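Asker: dropping a prediction and its sequence here:
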Amino acid sequence: MFTDMKKRDLIQAVSDHTGIDKKTATAAVEGTIDVILANVAKGEIVNLSGFAKFAKIKRPARMGRNPATGATIKIAAKTVAKITALKGFKDIALGVSPAPKLNKAGAVAAAAAAKAPAKKAVAKKAPAKKAPAKKKAVAKKAPARKAPAKKVVAKKAPARKAPAKKKAAAKKR
């Protein structure tokens with residue numbers, strides 16, 4: 001039902017939404033991720049208001065219990081990464097607030113083209129076209145693919161009835 005948005009999908013969406021080329025969008029997305037990671041690694045908290053808070057948390061050593069046996073155990077100190085969704089993100093994700101509208105692919109480019117002043121077209125004589133060189137290429141056939149095997153669903157055998165007990169026969173004797 002839902003699909004995961006991968007990094008390349010995010011880059012394409014940013015490129016389409018902002019009207020910048022894909023190379024610039026890639027640099028912007030990857031640069032943002034790099035800055036967040038570098039600052040969190042230093043121990044700083046990165047707070048993107050209305051979106052998320054990224055932090056490195058140090059947890060102290062503590063005593064705990066083994067849930068299976070109830071025995072007391074010592075839990076070592078450790079450092080963990082913590083990402084907290086902030087109110088603006090939660091409101092949009094839960095449907096309390098409407099999601100921002102995204103520009104469609106090419107809509108920003110068309111809007112930019114409409115704002116640009118029109119240039120006069122200069123008539124140019126088209127150069128004579130050359131006939132394409134004929135190549136003697138041998139067409140290779142793609143290997144035939146096998147159809148995926150159909151799954152066979154095993155049917156359950158009907159439940160057997162337990163054999164009648166021989167108590168009745170034993171009582172008659």
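Answerer: That came through fine.
Asker: could you list the domains of this structure?
Answerer: Domain ranges of the chain: 1-42, 45-62+73-97, per automatic domain parsing.
Asker: excluding residues flanking it in the chain, which one is nearest residue 7?
Answerer: Spatial nearest neighbour of residue 7, excluding adjacent residues (CB to CB, 6 or more residues apart in numbering): residue 29 at 7.1 Å. The way it works is simple: take the backbone N, C-alpha and C, and place the C-beta from them, glycine included.
Asker: residue contacts, the one you found?
Answerer: By CB atoms under 8 Å, 6 or more residues apart in numbering, residue 29 lies in contact with 7, 10-11, 14.
Asker: whichever of those end up buried, select them in PyMOL.
Answerer: In PyMOL, a selection of the buried entries from the contacts of residue 29 looks like this (16 or more other CB atoms under 10 Å):
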select buried, resi 11+14
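Asker: let me know the secondary structure of residue 32.
Answerer: Secondary structure state of residue 32, per DSSP: H, G, I helix; E, B strand; the rest coil, is helix.
Asker: any idea how far residue 38 is from it?
Answerer: 11 Å (CB to CB, to the nearest Å).
Asker: is it correct that the residue nearest to residue 7 falls within a strand?
Answerer: No - secondary structure of residue 29 (three-state DSSP): helix, not part of a strand.
Asker: what's the spacing between it and residue 48?
Answerer: Noted for residue 29: a distance of 14 Å to residue 48, by CB to CB.
Asker: give me phi/psi at residue 36?
Answerer: When read as degrees, to the nearest 10, the backbone of residue 36 gives phi -60, psi -50.
Asker: distance of it from residue 81?
Answerer: 11 Å.
Asker: between the two, what contacts are shared?
Answerer: Residues touching both residue 36 and residue 81 by CB under 8 Å, 6+ apart: residue 54.
Asker: neighbour count winner among those two?
Answerer: residue 36 (16 against 11; other CB atoms under 10 Å).
Asker: that one: what's it in contact with?
Answerer: Residue 36 neighbours (CB under 8 Å, 6+ apart): 46, 54.
Asker: try residue 56
Answerer: 40-41, 43, 79-82.
Asker: and with 10 Å instead?
Answerer: When contacts are counted by CB atoms under 10 Å, 6 or more residues apart in numbering, residue 56 touches 39-46, 79-82.
Asker: same question, residue 12
Answerer: Counting by CB under 10 Å, 6+ apart, residue 12 makes contact with 5-6, 22, 25-26, 105.
Asker: quick one: which of these is nearest residue 96?
Answerer: Residue 96 lies nearest to residue 5 out of the contacts of residue 12, by CB to CB, at 21.6 Å.
Asker: dump the residue contacts of the closest one.
Answerer: Listed by CB under 10 Å, 6+ apart, the contact partners of residue 5 are 12-13.
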